[in-house]
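Student: can you look at this prediction? I've put the sequence above it.
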Amino acid sequence: MKTAKPTRWVKSTYSSGDGGQCVEWAPEHAAATGEYLVRDSKAPDGPRLTLTGEAFAGLVRFARRAIV
């Protein structure tokens, strides 16, 4: 099953400001479907990850630890 293309992507607050680590996610898509889509903002037409809510929460926890 192909997932519909989200209309809005939001840059993660954990992305670096120097253009090296730019991660985006689609919050409205997550709210509507329960699928958490994540992509590299430098390659918007490239691959994206489809995560469960639990996996997405784990990714956020990892990002928080990596910033400290």
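Tutor: Thanks, I have the structure now.
Student: and residue 36, what are its bridge partners?
Tutor: Legend: beta-bridge partners of residue 36 under DSSP bridges are residue 51.
Student: burial count for it?
Tutor: A count of nearby residues for residue 36, using other CB atoms under 10 Å, gives 21. No exception for glycine: its C-beta is placed from N, CA and C like everyone else's.
Student: need the contact list for it.
Tutor: By CB atoms under 8 Å, 6 or more residues apart in numbering, the contact list for residue 36 reads 25-26, 29-30, 50-53, 55-56.
Student: now list the buried members of those.
Tutor: 25-26, 29-30, 51, 56 (16 or more other CB atoms under 10 Å).
Student: reformat those as JSON lines; add secondary structure and distance to residue 6.
Tutor: Listed next are those as JSON lines, based on DSSP: H, G, I helix; E, B strand; the rest coil; distance: CB to CB, whole Å:
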{"residue": "25", "secondary structure": "strand", "distance to residue 6": "9"}
{"residue": "26", "secondary structure": "coil", "distance to residue 6": "4"}
{"residue": "29", "secondary structure": "helix", "distance to residue 6": "4"}
{"residue": "30", "secondary structure": "helix", "distance to residue 6": "9"}
{"residue": "51", "secondary structure": "strand", "distance to residue 6": "14"}
{"residue": "56", "secondary structure": "helix", "distance to residue 6": "14"}
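Student: between those, which sits nearest residue 8?
Tutor: Set against residue 8, the nearest of those by CB to CB is residue 26 (6.7 Å).
Student: show me what contacts the closest one?
Tutor: Residues in contact with residue 26 (CB under 8 Å, 6+ apart) are 6, 8-10, 36-37.
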